[in-house]
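Chemist: Need coordinates for the following:
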Amino acid sequence: MTLAIPFPAIDPIIFSIGPFAVRWYALAYIAGLVIGWLVLRRIAKRPPNEIGEEDVDDFLTWATLGVILGGRIGYVLFYNLPYFLDRPGEIFAVWQGGMSFHGGFLGVVLAGLIFCRRRGIDPLSFGDMLAVVAPIGLFFGRIANFINGELFGRVTDAPWGVVFPRGGPDPRHPSQLYEAALEGLVLFVVLAVMARSGKVRARRGMLMGVFVAGYALARMTVELFRQPDQHIGFLTLGSTMGQWLSVPMLLVGLGFVVWGWRRG
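Modeler: This next block holds a predicted model:
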């Protein structure tokens, strides 16, 4: 007999007032941005103090737009373009779900580059600061995925398998929690410890490279347990779209790590 953990009965909607509903998914984004902003302000006080707290405050709006617009556009382009070409009115219906980390990442990168150019800030130093706090948003986002019962894992006989409402009668890997642990907690601890070293901070681009490569490795690993999107399925040799999108991130991240190390 296979053991399974029943899915906790958590309503995706925290509360609603008339047509206005506050969802855990939205709260996760808000929590990730706000907590990341507060931590970023503390990091800005450390030497060499190239980025001021005012710059951090102003970038919060840019980061919000980059995450939401990039995440949604990335999902449309990478995961379900034919569907949205037939229903263009749903492209920006983010409340229905459907966000891509890879798209959100590119959105924040683009927003950061424009912001740094306008303010005369070194983009590598700013990228290193953002890299330290990025796992915070990933952690809350994956917890929200679990609460929504989406992006669940493959069928498993592990004793911690969860029967998801939309995943059929079989227990599945709670892959959202795996991602929250690896992409969120573990990566944050690694980067936070590294960021305490003045020698590491002096190697501009290194923290950013560790985050990008670390995320790619964590995502490619968890994809071995995660159920691919139904409309995409498995790709070449049993790979998944998430793994293919993570390959260039891994290469770029390792490139920044090597470049930063040599510059130091």
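Chemist: Can you pull out the low-pLDDT segments for the stretch 1-150 of the chain?
Modeler: Residue ranges of the stretch 1-150 of the chain with pLDDT under 70: 1-3, 48-49, 94-97.
Chemist: So which residues of it form helices?
Modeler: Ranges of helices in the stretch 1-150 of the chain, per DSSP state H, counting those that start in this stretch, are 24-44, 53-79, 81-86, 101-119, 123-148.
Chemist: Which other helices and strands does whatever helix or strand residue 255 lives in contact?
Modeler: For residue 255, the host element (DSSP states H and E) is helix 241-263. Contact here means 3 or more Cβ pairs under 8 Å, 6 or more residues apart in numbering; DSSP states H and E; on that basis helix 241-263 packs against helix 53-79, helix 101-119, helix 206-222. The way it works is simple: take the backbone N, C-alpha and C, and place the C-beta from them, glycine included.
Chemist: how does it look with 10 Å?
Modeler: If contacts are counted by 3 or more Cβ pairs under 10 Å, 6 or more residues apart in numbering; DSSP states H and E, helix 241-263 sits against helix 53-79, helix 101-119, helix 123-148, helix 198-202, helix 206-222.
Chemist: Which one, of those, ends up nearest to residue 156?
Modeler: helix 206-222 (13.2 Å; Cβ to Cβ).
Chemist: so how far is that closest one off the chain centroid?
Modeler: Helix 206-222 has its C-alpha centroid displaced from the chain centroid by 11 Å (Cα atoms, centre = their mean, to the nearest Å).
Chemist: For it, which residues meet the burial criterion?
Modeler: Neighbour-count burial for helix 206-222 flags 206-222 (criterion: 16 or more other Cβ atoms under 10 Å).
Chemist: And for stretch 47-67?
Modeler: For stretch 47-67, the neighbour count (16+ other Cβ under 10 Å) marks 51, 55, 56, 59, 62, 63, 64, 66, 67 as buried.
Chemist: for stretch 121-138, same thing?
Modeler: 121, 123-138.
Chemist: CSV please, covering the helices and strands packed on helix 241-263 and showing distance to residue 244.
Modeler: Formatted as CSV, the helices and strands packed on helix 241-263 follow (distance: least, Cβ to Cβ, whole Å):
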stretch, distance to residue 244
helix 53-79, 9
helix 101-119, 10
helix 123-148, 19
helix 198-202, 30
helix 206-222, 9
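Chemist: Need the contact partners of stretch 238-250.
Modeler: 74, 78-79, 100-103, 105-106, 151, 179, 211-224, 226-229, 232-236, 253 (Cβ atoms under 10 Å, 6 or more residues apart in numbering).
Chemist: before we move on, back to that, adding distance to residue 166, write the helices of the stretch 1-150 of the chain out as CSV.
Modeler: Shown next, in CSV, are the helices of the stretch 1-150 of the chain (distance: least, Cβ to Cβ, whole Å):
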stretch, distance to residue 166
helix 24-44, 15
helix 53-79, 17
helix 81-86, 18
helix 101-119, 20
helix 123-148, 9
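Chemist: Which of the ones you listed sits closest to residue 169?
Modeler: Nearest to residue 169, of all the helices of the stretch 1-150 of the chain, is helix 123-148, at 19.0 Å by Cβ to Cβ.
Chemist: mind listing what the most centrally placed residue in the chain touches?
Modeler: With the centre of the chain defined as its mean C-alpha position, the nearest residue by Cα atoms, centre = their mean is residue 138, 4.0 Å away. Shown in contact with residue 138 (Cβ under 10 Å, 6+ apart): 28, 32, 101, 104-105, 179-180, 182-185, 187-188, 211, 215, 218-219.
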